[in-house]
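Trainee: Whatever this is, show me its structure:
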Amino acid sequence: MATRSCLCAFLLFLVFAFQSPIIRANIFPLPPRLIQGGPAPIGAAIATLDNVTRGIIEQFGLNGVGHLRAIVDVTALNPPLPRPLIDVRAEAFANVWISGVWFLRAIAPAIIGNDEQRLLSGIERTNAAELGVIRAQLYASVNATVPPYTLTVRNLTDIIAGTVNLRGRCDVKEEGLIVPLQLGAQNRTTVNVVPADVNSLAFTRIETEVLRIIFATANATITGGLLPSGLFGAAFRLILALRLG
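Mentor: Here you go, the predicted model:
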């Protein structure tokens, strides 16, 4: 739907959106040559985490800063780039980070050029590994109750997956940690640490699906959620112009 440069710009703003809580807390300041200007993120705060979890998330943050630098260095984008308004309060953030992984897999075939292909492949592998770490950590406590709720980790991942599927309007591409046997790998397990389709292949998402989820509106042209003012860039303008909700 969009050009190579549009897709890369779209990806850059998604990566930046997911880095904003860390950047706002001044844990990993971005080089000013990459990002300048734009409104401050809403709701960013330093979380109280155990040492293991903090170490994992800190590495994810550093990885993301490297991804931003790589995207700017490899593509024709002209930094510094303005950041969009980003709402990272708990009710807005939910589980949308995973959509970025699926989007990477979807746009890879549309990217022509060895440098860009290597860039996307490298980011995709890193993000997929990060997703695997998160789901493995969650599965280790799958039956634990999450205070202050009466729900378990399994219950919450099921609820989040259902919500993401409804907003994405793309059938079942998000799954919980435990699934019915008929949805498990080769119909022989209910464990679902690595979610995948019937052939155990990774799900993909196109731009409109990602925006429906990130905006939390189930419509790629109605902004809200993580990005209340939408995104910059030609890809998003094209979605609006063509009313690709």
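Trainee: from here on, contacts and neighbour counts on C-alpha atoms
Mentor: Noted.
Trainee: Now do the helix or strand harbouring residue 157, average pLDDT.
Mentor: Here residue 157 sits within helix 153-168, counting by DSSP states H and E. For helix 153-168, mean pLDDT is 90.
Trainee: cool, and stretch 88-98?
Mentor: Rounded mean pLDDT across stretch 88-98 is 62.
Trainee: Name the nearest residue to the residue of the chain most remote from its centre, ignoring sequence neighbours.
Mentor: The C-alpha centroid of the chain is most remote from residue 188, which lies 29.1 Å away (C-alpha atoms, centre = their mean). Spatial nearest neighbour of residue 188, chain neighbours left out: residue 181 (6.2 Å); criterion: C-alpha to C-alpha, 6 or more residues apart in numbering.
Trainee: In the protein, where is pLDDT below threshold?
Mentor: 1-9, 12-32, 37, 91-113 (pLDDT under 70).
Trainee: hmm, back to that, chain center to whichever helix or strand comes after the helix holding residue 157, what's the gap?
Mentor: Scanning forward in sequence from helix 153-168 by DSSP H and E, the next helix or strand is helix 207-215. Here the centre of mass of C-alpha atoms in helix 207-215, compared against the chain's by C-alpha atoms, centre = their mean, to the nearest Å, lies 10 Å away.
Trainee: who does helix 207-215 touch, helix- and strand-wise?
Mentor: helix 97-107, helix 153-168 (3 or more C-alpha pairs under 8 Å, 6 or more residues apart in numbering; DSSP states H and E).
Trainee: From the contact counts, what lies against the longest helix anywhere in the chain?
Mentor: With secondary structure taken from DSSP state H, the chain has its longest helix at helix 114-139. Helices and strands touching helix 114-139, by 3+ C-alpha pairs under 8 Å, 6+ apart, are helix 51-74, helix 97-107.
Trainee: Between helix 51-74 and it, find me the angle.
Mentor: Angle, helix 114-139 to helix 51-74, by axes from the mean of the first three to the mean of the last three C-alpha atoms, to 10 degrees: 170 degrees.
Trainee: that older thread, which residues touch the helix holding residue 157?
Mentor: 94-96, 138-139, 141-146, 171-178, 209-210, 212-213, 216-219 (C-alpha atoms under 8 Å, 6 or more residues apart in numbering).
Trainee: hmm, which of these are the buried ones?
Mentor: Taking 16 or more other C-alpha atoms under 10 Å as the criterion, what is buried in those is 94-96, 138-139, 142, 173-178, 209-210, 212-213, 216-219.
Trainee: circling back: quick one, what contacts the residue nearest to residue 188?
Mentor: 187, 188, 189, 190.
Trainee: can we see that at 10 Å?
Mentor: 187, 188, 189, 190, 191 (C-alpha atoms under 10 Å, 6 or more residues apart in numbering).
Trainee: In PyMOL, select just the buried ones from those residues.
Mentor: In PyMOL, a selection of the buried entries from those looks like this (16+ other C-alpha under 10 Å):
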select buried, resi 191
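Trainee: Can I get the contacts of residue 181 in JSON lines including distance to residue 153?
Mentor: What follows is those, written out as JSON lines (distance: C-alpha to C-alpha, whole Å):
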{"residue": "187", "distance to residue 153": "23"}
{"residue": "188", "distance to residue 153": "22"}
{"residue": "189", "distance to residue 153": "19"}
{"residue": "190", "distance to residue 153": "15"}
{"residue": "191", "distance to residue 153": "14"}
